[in-house]
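Trainee: My questions concern the predicted model and sequence given below.
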Amino acid sequence: MFGVLVGAVVFGQISDSFGRKLATLISTFGTFVGWLLVAQSRDLFQFTATRSIVGFFTGGAISVVNVYIMENIPKKHRMWINMAITWSPNMPLLAFIAWASHSWDWFAYYNAFFCIPALLFCYFFVHESPRWLIQKGRLEEARHFLTTQLSISDHHHLIDDEFEKVLLTEYEVRNNLAIKLHLKIKIQLSKNNNVSLSILQIALQQNRKKGQYSYYHLFSTYRLMLTSIVLAFSYCSTSIINYGILFNLEKLSGSIYWNSVYTGLMRYACNLTFGYADLKFHRVGRKFVHTSGLVVVLISLAVVISAYYFEMNHELNMVITILILLASSMTSQIYIADGIVANELFPTPIRNLGYSFVQLWNRVGVIFSPIVFYLTDYWIALPYCVMLGMALIDTFAFECLLPETKGKPLVEHMPPRHERIFGKFQKNYRSPNFFLY
């Protein structure tokens, strides 16, 4: 899991610097090679090392693919497409493959095999994100891919008329800043021949670096900082609930394989239901999907805790199993709502960085999820009490601190300099003979 955590961070930077497609190709190919190495492991150390390699590239793929999807679908269809194309249907399939493999090495080979069609499809049929191309100033390539996309889909009414205008605006804004900067340099040189060359070089260098962003930009304004913290906590707490339950399925009654199948089917049924509701009903927004899932989790955990508190766990054994699986199932739509909101609130220049950051905390939650169940040494229901508390905090933080983003266009620009926490001191700064941008 440490590999997944590091991969999410590294590929977020790669994607925003070198493109979504290249990052996806590298991560998919790395996952393919990693699974082949896993199958060849001869001892526990080799197995752990090769699984870390798989985790590294898998974490990268998860961080990049979701951002790519969000940047290429119309705002009206973001929720239901993410609900339909998700990992929930993979749980029954994965349980079947694990059952049919009979050994861990053949299970690794099967996983490697499934990477091949994904790699070929990505290489031959997936184009670079037009939003990323425009953000990098590669306007003609973006126009070409947009034209190809529209001609293939033949659904022009699904594409927002303002989509290309927004991209063009991003390019024009960045280009105009560069033009203004060079004009100022010429004016200052004409007025004063003694203008320090080093100051001009610094100004030019700063302008060239305007499009270079890193993780600290996620905290450059109070709004971005709040968004990052709330979504990071939501991902972390949801992973503690989800994986804490999944890692302890053997403690529930029934087969671990069938419990995985039931969980996957329950998740996908909930996903399709809420995806349809989001498409058909205007009031069903991101907050409704997120909070409704948490409400079911809270009720399920509260009933389970009560059953243990009143020592009715033996009589309600099957009910407890169903409620715990239901709580795990509802985390799927919470993950999806978090991912969509993250992509809709983080600006294009740092969108993949922002999504990778919250995915990092997703993996932190996965790492701590088994540790929570050590609390059963004190009381068998204490892990569920911790989960209940975290779900309550997540519910109120998401509802009160984040805006509703349904129907809103993706944010294209970074916040202006006067809103930035770390850049305010530069707002009115003047060099001896030159205004620095």
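Mentor: Everything's here; your move.

Trainee: Tell me where the stretch 1-150 of the chain is predicted with low confidence.
Mentor: Within the stretch 1-150 of the chain, the segments meeting pLDDT under 70 span 1, 148-150.

Trainee: Using the three-state scheme, assign the nearest residue to Phe29 once chain neighbours are set aside.
Mentor: Excluding its sequence neighbours, the residue lying closest to Phe29 (Cβ to Cβ, 6 or more residues apart in numbering) is Leu119, at 5.9 Å. In short, each C-beta sits where N, CA and C put it, glycine included. Three-state assignment for Leu119 (DSSP: H, G, I helix; E, B strand; the rest coil): helix.

Trainee: need the contact list for Leu119.
Mentor: Contact analysis of Leu119 by Cβ atoms under 8 Å, 6 or more residues apart in numbering lists Leu25, Thr28, Phe29, Phe32.

Trainee: Mind doing that once more with 7 Å?
Mentor: By Cβ atoms under 7 Å, 6 or more residues apart in numbering, Leu119 lies in contact with Thr28, Phe29, Phe32.

Trainee: ditto for Gly3
Mentor: Applying Cβ under 7 Å, 6+ apart, we find Gly3 in contact with Ser52, Ile53, Gly55, Phe56, Gly59.

Trainee: Could you export the residues you listed as TSV, including secondary structure, neighbour count and distance to Ile322?
Mentor: Shown next, in TSV, are the contacts of Gly3 (DSSP: H, G, I helix; E, B strand; the rest coil; neighbours: other Cβ atoms under 10 Å; distance: Cβ to Cβ, whole Å):
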residue	secondary structure	neighbour count	distance to Ile322
Ser52	helix	17	35
Ile53	helix	18	38
Gly55	helix	21	31
Phe56	helix	22	36
Gly59	helix	29	32
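
Trainee: Domain parsing of this structure, as residue ranges.
Mentor: Using automatic domain parsing, the domain parsing of the chain gives 2-126+215-401, 131-212+414-426.

Trainee: returning to what we had before: report the separation between the residue nearest to Phe29 and Leu224.
Mentor: Distance of Leu119 to Leu224, computed by Cβ to Cβ, to the nearest Å: 34 Å.

Trainee: about what we covered before: return the closest of the contacts of Gly3 with respect to Gly407.
Mentor: Comparing the contacts of Gly3 against Gly407 with Cβ to Cβ places Gly59 closest, at 30.9 Å.

Trainee: Apart from its neighbours in sequence, what residue is nearest the closest one?
Mentor: Gly7 (3.1 Å).

Trainee: And for the one you found, the neighbour number?
Mentor: By other Cβ atoms under 10 Å, the residues close to Gly7 number 29.

Trainee: now Ser260
Mentor: 20.

Trainee: May I ask which helix or strand encompasses the residue lying closest to it once chain neighbours are set aside?
Mentor: Leaving out its chain neighbours, the residue that sits closest to Ser260 by Cβ to Cβ, 6+ apart is Ala95, at 4.1 Å. Assigned by DSSP states H and E, Ala95 belongs to helix 90-101.

Trainee: Quick check: buried residues in that helix?
Mentor: Residues Met91, Pro92, Leu94, Ala95 are the ones in helix 90-101 that count as buried (16 or more other Cβ atoms under 10 Å).

Trainee: for the closest residue to the first one other than its chain neighbours, what are its contacts?
Mentor: Looking back up the chat, that one is Met91. In this structure, Met91 finds its nearest non-sequential neighbour in Gly264, 2.8 Å apart by Cβ to Cβ, 6+ apart. Applying Cβ under 7 Å, 6+ apart to Gly264 gives the contacts Ser88, Pro89, Met91, Pro92.

Trainee: quick one: Met91 and Thr263 touch, right?
Mentor: Yes - counting by Cβ atoms under 7 Å, Thr263 is a contact partner of Met91 at 6.0 Å.

Trainee: re the thing from before, how close does the residue nearest to Gly59 sit to Phe219?
Mentor: In terms of Cβ to Cβ, Gly7 sits 22 Å off from Phe219.

Trainee: I am finished for the moment; much appreciated.
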